[in-house]
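S.K.: Fold the following and give me the result.
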Amino acid sequence: EPLDGESTGLVQKPVVSPYGSTHDFQTARFISRAPIPNKHSRFVKLNDKRIIRCQVVVWYVGHVDVVQSHVMMRFRVTLFWNDDSPEDTPLGRIPSTIWTMRGRMNACQEQVSNDRVKKTIDVPPISIINAVQFETIGTAEVEMLNEESKLMRWTCMYSATLFQGDNMKVENFPHDEHELVLKLGILAHRRSGQRWDKRKWALGLATDKDSRGTTRIPHGLLVDHVSIPDFKICKTEGKEDLEFEFVPMPLGHSSDQCLNVKLNVRRESRHYDRNIMPLLALLNVVAITCLVRNFASATASTETMLSIAFVEIGIRLTVDSRLPSVGYQIKIQSVLNQCFFLICFLVLETNFVFWLVKKHGWTVATTDWIDFYVAIFALAYTGHVWSFYYYDWTLFPLLDF
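M.R.: Purely as a prediction, here's the structure:
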């Protein structure tokens, strides 16, 4: 993403945290800019609170691990705020000064020649709340966009593994949909009287005046070239790919809020829809047609059905090796079970009819009607199973074994 400043290219060390993360970098430098005239007030307020405005641009989404509920993302977080620290030096343009990050919560204005500190301001310590581990790409950058209103911008690129919690259930595999969430918030110095007191500072979304046209949507977007392995992005007409929502902080009884950035995705299911399921339907129909054969060949009919049952067992074992390993039954497993159970039922029906003819003297013409009604039931049940798979429609729950 093009930026207005000039990075010094300093080496960045990765950071790993099991409990969420903050921008824990070493140094970031920017050449100070000349004042940019604007008409907005010194402080931006919402409900009498000063606002820390956020912008999130997602550059990459990696493999979605539904078993561990993890997803890897690469994204840039940019913060805008109007600094309210007291002025200890004049704020006129000083071409020989730079802004330098000191730690993770302070930026200093220094002279290039001797590193003499001209001014120090505080930087909001943004945290990635649901990060399992993360690292920063390059160095964090800070600059003053407007010296009259003291409009500041801080930005940093992250590569993070994000924990998704219960958003990764796969009961409807391979038609499962998931909501990938990135959670951002400020955890440090939020108590009463502290620097980022939550009663005085609130999180908000960046505006056009903040982004100055650098992105199509001022508060963030999903870059067009992003694609997700085995998934496709759910697109809704009239809506953007990323959804932004402020929710209560997921930390005990905290009354603070955090920003949830959501991306809805759906699994690519065409391999199962167009290859596995039509094959199973064909095998079921072939097994059902064996019922209309002459009773004299009933033994051969039973052998044909059992052969089909073994083919379906082979398909089941192959498909199972590609399914996520979870502790509950998923939809495609239920469908495979129903197909196998139907074949076994047809074999039992054939043996029962054979027993009626050989042991109780029933005529073949009478048992043909039994075969006919069982065939109608089997075809109807096959249609019911397929409507459950393709359209998630069912008259009654399928058996869960």
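S.K.: rest of the way, CA atoms for contacts and neighbours
M.R.: Noted.
S.K.: List of residues touching stretch 339-359?
M.R.: 280, 284, 287-288, 291, 298, 302, 305-306, 308-309, 312-313, 362-364, 367, 370-371, 378, 382 (Cα atoms under 8 Å, 6 or more residues apart in numbering).
S.K.: show me the residues around Gly204 that make contact.
M.R.: Counted by Cα under 8 Å, 6+ apart, Gly204 has contacts Ile51, Ile52, Arg53, Cys54.
S.K.: That one sits in which helix or strand?
M.R.: strand 201-205 (DSSP states H and E).
S.K.: Ok, Thr289 next?
M.R.: helix 277-289.
S.K.: packing partners for that helix?
M.R.: helix 298-320, helix 331-360, helix 364-391 (3 or more Cα pairs under 8 Å, 6 or more residues apart in numbering; DSSP states H and E).
S.K.: Lys183: which of these is closest?
M.R.: helix 331-360 (30.2 Å; Cα to Cα).
S.K.: got the angle for that closest one vs helix 364-391?
M.R.: 180 degrees (axes from the mean of the first three to the mean of the last three Cα atoms, to 10 degrees).
S.K.: mind listing what's buried in helix 331-360?
M.R.: For helix 331-360, a neighbour-count test (16 or more other Cα atoms under 10 Å) marks 331-340, 342-344, 346-347, 349-350, 353-354 as buried.
S.K.: that older thread, got a winner among the contacts of Gly204 for most neighbours?
M.R.: Within these, neighbour counts (other Cα atoms under 10 Å) peak at Cys54, which reaches 26 neighbours.
S.K.: for that residue, what are its contacts?
M.R.: Here Cys54 is in contact with Val77, Thr78, Leu79, Phe80, Leu203, Gly204, Leu205, Ala206, His219 (Cα under 8 Å, 6+ apart).
S.K.: Specify the beta-bridge partners of the fifth one.
M.R.: If I follow you right, that is Leu203. Ile52 (DSSP bridges).
S.K.: Count the residues that sit near it.
M.R.: 23.
S.K.: In this model Ile52 seems to touch it, though I could be wrong.
M.R.: Yes. The pair Leu203 / Ile52 is scored as a contact, 5.0 Å apart, by Cα atoms under 8 Å.
S.K.: circling back to that earlier point, make TSV from the helices and strands packed on helix 277-289 and add distance to Met152 to it.
M.R.: Output for the helices and strands packed on helix 277-289, formatted as TSV (distance: least, Cα to Cα, whole Å):
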stretch	distance to Met152
helix 298-320	54
helix 331-360	51
helix 364-391	51
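S.K.: where does Ile121 land in three-state SS?
M.R.: Assigned with DSSP: H, G, I helix; E, B strand; the rest coil, Ile121 falls in the strand class.
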